[in-house]
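*Asks:* Sharing a model prediction with you, sequence too.
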Amino acid sequence: MAHHPTKSFEKPTVEDRFRVLPPGVSVDDLLDLSRAAGLAFLAGTAFGWSRVQLRHWLILDYEAATAWTRVGDRRSPIDPTLDLDDVQVDMLIDRSRRRVMNMLDHAREMWRVPAFARDMIDGRLIVAIYDRDGIEGYAPAAHAEMGLVHRVMSLFVADYLARPSDYDRIASCDACGEVAIGTRNNHPSWCAEPPKESGIVERSRVGRPLRQTLRGIG
């Protein structure tokens, strides 16, 4: 199984390679929204979601993280459950979660390549962003034809590029479904079971070098 997000065949326009955020919206804001939306999907779908629950996530969590970074014709992404029956919706959600978890478990090895940011921009999964304070970063892109797994992966790709060392440690809890990235496990107080560690072994965290120029926008 591939551990690298699949790229789109349609490359972004120059305009869609980067975006200047409006006043009052910061790079850090979008990064926090991206990680929160990604983790909400993984925790919520651990034991299955209904069509309605998925739509709530798309409207409340995913939309908040991608409202400023739509690409192409800027339309909202098409409902991924359109024309699917309930069994097919269940399969879509389960398959998407398994693929995302598998990619996250291998992110430490597979995403640390020099051209990763450029590839993800070319693949229309992320865009480079700048806020009014001059801070640079990456954010998940959104376009109408984007599949569910790519929507979720784009959230984590943008987050990874800002905080790669956090992905040296990923833990999940089989009892409550919570997933933690680079932090203490955040499962609910009612969950008494210790979290199940993924195959990732925690490494020493080192200072992140400052980048003067964002990769992938040239």
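*Replies:* Perfect, thanks for sending it. Numbers count the residues shown, from 1 in each chain.

*Asks:* hey, let's count contacts and neighbours off CA atoms from now on
*Replies:* Will do.

*Asks:* Mind listing what's buried along the longest helix along the chain?
*Replies:* In terms of residue count, the longest helix belonging to the chain (DSSP state H) is helix 86-105. Across helix 86-105, burial judged by 16 or more other Cα atoms under 10 Å covers 89-90, 92-94, 96-97, 99-101, 103-105.

*Asks:* cool, and stretch 105-123?
*Replies:* 105-108, 111, 116-123.

*Asks:* residue boundaries of the strands in this protein?
*Replies:* Taking DSSP state E, the strands of the chain run over residues 18-20, 126-130, 136-140, 170-172, 179-181, 196-197.

*Asks:* Include mean pLDDT, mean neighbour count and distance to Asp29 when you put the ones you listed into CSV, please.
*Replies:* Shown next, in CSV, are those (pLDDT from 0 to 100; neighbours: other Cα atoms under 10 Å; distance: least, Cα to Cα, whole Å):
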stretch, mean pLDDT, mean neighbour count, distance to Asp29
strand 18-20, 89, 20, 14
strand 126-130, 94, 26, 12
strand 136-140, 95, 27, 10
strand 170-172, 84, 23, 22
strand 179-181, 87, 22, 18
strand 196-197, 51, 16, 28
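
*Asks:* Give the ranges of residues in the protein that sit below the confidence cut-off.
*Replies:* For the chain, the stretches with pLDDT under 70 are 1-10, 72-77, 184-218.

*Asks:* From Ala128, how far off is the residue positioned nearest the centre of the chain?
*Replies:* Central residue of the chain (Cα atoms, centre = their mean): Leu155, 1.8 Å from the mean position. With distances taken as Cα to Cα, to the nearest Å, Leu155 is found 13 Å from Ala128.

*Asks:* and for these two, which residues touch both?
*Replies:* Common neighbours of Leu155 and Ala128, using Cα atoms under 8 Å, 6 or more residues apart in numbering, are Ala139.

*Asks:* ok, which stretches of this protein are helices?
*Replies:* Secondary structure of the chain, counting by DSSP H: helices at 27-44, 51-57, 63-66, 86-105, 107-110, 116-122, 148-162.

*Asks:* I'd like to know which elements the fourth one is packed against.
*Replies:* Going back to what we said before, that points to helix 86-105. When contacts are defined as 3 or more Cα pairs under 8 Å, 6 or more residues apart in numbering; DSSP states H and E, helix 86-105 packs onto helix 148-162.

*Asks:* counting contacts, what elements does the helix it packs on pack onto?
*Replies:* Applying 3+ Cα pairs under 8 Å, 6+ apart, one finds that helix 148-162 contacts helix 27-44, helix 86-105, strand 126-130, strand 136-140.

*Asks:* just so I know, which of those lies nearest Val71?
*Replies:* Closest of the helices and strands packed on helix 148-162 to Val71 is strand 126-130, at 8.6 Å (criterion: Cα to Cα).

*Asks:* What is that closest one packed up against?
*Replies:* strand 18-20, helix 116-122, strand 136-140, helix 148-162.

*Asks:* Compile these into CSV and extend it with columns for distance to Ile78.
*Replies:* Putting the helices and strands packed on strand 126-130 into CSV (distance: least, Cα to Cα, whole Å) gives the following:
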stretch, distance to Ile78
strand 18-20, 22
helix 116-122, 20
strand 136-140, 16
helix 148-162, 10
